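1. what follows is a predicted protein model with its sequence.
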Amino acid sequence: EVQLVESGGGLVQPGGSLRLSCKISGAAADERAIGWFRQAPGEDRLGVACPDIRAGTTWYPDHAKGRFTNSSDNAKNAVYLQMSSLKPEDKAVYYCAAARVGVAVWSYWGQGTQVTVAS
């Protein structure tokens, strides 16, 4: 069973930075892909950093480009989302999700970590 545990959320002032962590168990790096998503109150859960398998890169929505960076540490089986220049509208619960290689479904989700951006 694949399990994901996020951490690193919290309260940060506008313009500040946070690094979210996603610790994965039950699947090695070559067995899964990891994406980051967020969900604000009353809104849909949307991707903020997802693998572009064909390009071999990470896709970011326009609002995250230049501010969010996805990275990984395969030795620790962990993925990170570095967020900088945070804005109040970035407030949301952030989730990491895993898909088995070859399966186009985000089958596994973490519990989420709250990010709040406020003065």
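-> Received the coordinates, thanks. All figures in this text were calculated on a predicted structure; none of them were measured in a lab.

2. ignoring the adjacent residues along the chain, who's closest to the most centrally placed residue in the chain?
-> Nearest residue to the geometric centre of the chain (C-alpha atoms, centre = their mean): residue 36, 2.5 Å. Nearest residue to residue 36, sequence neighbours excluded (C-beta to C-beta, 6 or more residues apart in numbering): residue 49, at 4.2 Å. (Each C-beta comes from the backbone N, C-alpha and C, glycine too.)

3. the one you found and residue 42, how far apart?
-> Separation of residue 49 from residue 42 (C-beta to C-beta, to the nearest Å) stands at 22 Å.

4. for the residue nearest to residue 36, give me its contacts.
-> 35, 36, 58, 59, 60, 64, 68, 69, 70, 81 (C-beta atoms under 8 Å, 6 or more residues apart in numbering).

5. please apply the same query to residue 36.
-> Per C-beta under 8 Å, 6+ apart, neighbours of residue 36: 20, 22, 47-50, 68, 70, 79, 81, 94-97.

6. on that earlier part again, can I get the contacts of residue 49 in JSON lines including pLDDT?
-> Output for these, formatted as JSON lines (pLDDT from 0 to 100):
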{"residue": "35", "pLDDT": "97"}
{"residue": "36", "pLDDT": "98"}
{"residue": "58", "pLDDT": "95"}
{"residue": "59", "pLDDT": "96"}
{"residue": "60", "pLDDT": "97"}
{"residue": "64", "pLDDT": "98"}
{"residue": "68", "pLDDT": "98"}
{"residue": "69", "pLDDT": "98"}
{"residue": "70", "pLDDT": "97"}
{"residue": "81", "pLDDT": "98"}
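
7. which one of these sits closest to residue 28?
-> For those, the minimum distance to residue 28 (C-beta to C-beta) is 17.0 Å, reached by residue 35.

8. now that closest one: closest residue in space, sequence neighbours ignored.
-> residue 50 (3.9 Å).

9. verify the stated contact: the one you found with residue 57.
-> No. Taking C-beta atoms under 8 Å as the definition, residue 50 is not a contact partner of residue 57, at 10.2 Å.

10. just want to know which of the two has more residues nearby.
-> Comparing residue 50 with residue 57 by other C-beta atoms under 10 Å, the one with more neighbours is residue 50, at 20 against 10.
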